[in-house]
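Trainee: Attaching a predicted model along with its sequence, questions to come.
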Amino acid sequence: MNVTLRQLRVFTGVYRTRSITRAARELGITQSAASLLIQQLEAQLGVKLFDRSTRSVQPTLAAIEAFHVAERMLSDAQGLSRRMRDLAQARAGRVAFLASAGTASALLPMVLAKFRASHPDIEIDMRDVAADDLVPRLSATDAEFAIGSVEGEFADMTIETLTSGRLSAIGRRTADFAARRSLTWDELAQWPTIAMRSQTRIRMQIDQALSAQGKRLDPTYEVTLINTALAMTAQGLGLAILPATMLPADQFPTLIARPLVRPALTRPVSLLQRQGRTLSPAAQAFVATARMVLAARGPQA
C-alpha cells in the first residue's frame, strides 16, 4: 500500500470543503482527477472515506479518524521539504571541521566572523588540533574537511592551498628590528630565538632546508604550540620563527614579522578533503567563505 501525498492533499481538501469540485479547484486539478485520487485512496486503504450523493459529500467514520493522521503526515512532509530546502540553500545545518591550532588562532576567527554574519543559523563545530593530527583525524572522524599546514600527498585526500606565508622572524616592534626589511638565517643566529620542536613539520622543513646549505638552527627555546612562541616573543624572550600568516596582529599588536631569506621558505595553509565525499551545503558555504577571506589577505611575506 503506497499512499501518496497527492492523495492525502485531495482527501484533506475534500474533508474540509465537503466538496470534490471545490477541493479540486483549490488544488488546481480537474474534478475527475480529484475523484480518481479519492477512489484510489479508498481502494488502497480498504475503507470508504466519503458518502457521496448528487448534493453532498459526507465523511465516514473512517475518514474522521484518518483526517488528523493525514494532516500530520502532510505537515511532516512540508516540514521535511522546508528543512531540506534550508539545508540546500545553506540557511540551516551543521558544519564540522578540523583546524590546526595555529590556523585556528590566527586565521579562522576572521573567517568565522564573516560566515556567522551571513549564516547565523548554521551550527559550527571547529576542532583545533596539532597540525600533524589533521590527516589522521580527518580520516577517522565525522569532520567534513580540515584547514591547516600540511605537505606532500596523502592517499584518498585532496589538498588545495588557500593562502601561504613566508617563514619569518617575529619580534617586538623595536626601532632596530622594525628597520629591517628581512633577516638571513645567519643574522638570525645573533638573536635569541624561539622555534617549534624538532618533531613538528614546520621544524623538519626548516632543518632540511638549512642542512642542504650546510647550516643548522640552534634555537634558544623550543615549544610545541605557536601561541606559546608568540606569547614568549611578546615578553622579549626572543624572535619566534614562524610563518607570517601565524601572527594575529589583533592578538599581538606589539609584534611584527620580517621574512627570513637565504633560504626563503614558504608554508601553505591548505584545505584538505576526503576524495569522493560531497561536502554538505553548509560546509560548501563555509569553504567558500574561507577561500574568499584568505584570498583577500593574499600571501603573507
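Mentor: Arrived safely, thanks for sending.
Trainee: Mind exporting the C-alpha coordinates of stretch 148-155 to CSV?
Mentor: Only the C-alpha atoms of stretch 148-155 are listed here, as CSV (Å, rounded to 0.1, in the frame of the first residue of the first chain):
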residue,chain,number,x,y,z
GLY,A,148,45.9,23.8,8.2
SER,A,149,49.5,23.4,7.1
VAL,A,150,50.4,20.1,5.5
GLU,A,151,52.9,18.9,2.9
GLY,A,152,53.1,16.1,0.5
GLU,A,153,50.4,13.9,-0.9
PHE,A,154,48.0,11.6,1.0
ALA,A,155,46.0,8.7,-0.2
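Trainee: Tell me the buried residues in it?
Mentor: 148-150, 154 (16 or more other CB atoms under 10 Å). (C-beta placed from N, C-alpha, C; glycine too.)
Trainee: Helices of the stretch 1-150 of the chain, start to end?
Mentor: In the stretch 1-150 of the chain, the segments counted as helices under DSSP state H, counting those that start in this stretch are 5-17, 20-27, 31-45, 61-88, 101-106, 108-118, 134-140.
Trainee: mean confidence score for the fifth one?
Mentor: Translated: helix 101-106. Mean pLDDT, helix 101-106: 92.
Trainee: what helices or strands is that helix leaning on?
Mentor: If you count contacts as 3 or more CB pairs under 8 Å, 6 or more residues apart in numbering; DSSP states H and E, helix 101-106 packs onto strand 123-129, strand 145-148, helix 226-234.
Trainee: Could you list the low-pLDDT ranges of the stretch 201-301 of the chain?
Mentor: Along the stretch 201-301 of the chain, segments meeting pLDDT under 70 span 298-301.
Trainee: Okay, helices next: where are they in it?
Mentor: Using DSSP H, counting those that start in this stretch, helices in the stretch 201-301 of the chain cover 201-212, 226-234, 281-297.
Trainee: any idea which of those helices is most buried?
Mentor: Ranked by mean neighbour count, the helices of the stretch 201-301 of the chain are led by helix 226-234 with a mean of 20 (mean count of other CB atoms under 10 Å).
Trainee: Tell me what angle it forms with helix 201-212.
Mentor: With axes from the mean of the first three to the mean of the last three CA atoms, to 10 degrees applied, the angle from helix 226-234 to helix 201-212 works out at 70 degrees.
Trainee: Quick check: buried residues in the biggest strand by length in the chain?
Mentor: Ranked by residue count, the top strand of the chain under DSSP state E comes out as strand 157-172. Going by neighbour count (16+ other CB under 10 Å), the buried part of strand 157-172 is 157, 159, 162-172.
Trainee: Run through the neighbouring helices and strands of it.
Mentor: In terms of contacts (3+ CB pairs under 8 Å, 6+ apart), strand 157-172 is packed against helix 226-234, strand 239-243, strand 255-261, strand 266-274, helix 281-297.
Trainee: Indicate which one of those is closest to residue 45.
Mentor: Residue 45 lies closest to helix 281-297 among the helices and strands packed on strand 157-172, at 37.5 Å (CB to CB).
Trainee: distance of the residue of the chain most remote from its centre from residue 48?
Mentor: Taking CA atoms, centre = their mean, the residue of the chain most remote from its mean C-alpha position is residue 54, at 60.8 Å. In this view, residue 54 and residue 48 are 17 Å apart by CB to CB, to the nearest Å.
Trainee: And for residue 199?
Mentor: According to CB to CB, residue 199 and residue 48 sit 78 Å apart.
Trainee: so where is the stretch 1-150 of the chain shaky, pLDDT-wise?
Mentor: 1, 81-83, 85-92.
Trainee: any idea how far residue 72 is from residue 2?
Mentor: Taken as CB to CB, the span from residue 72 to residue 2 is 18 Å.
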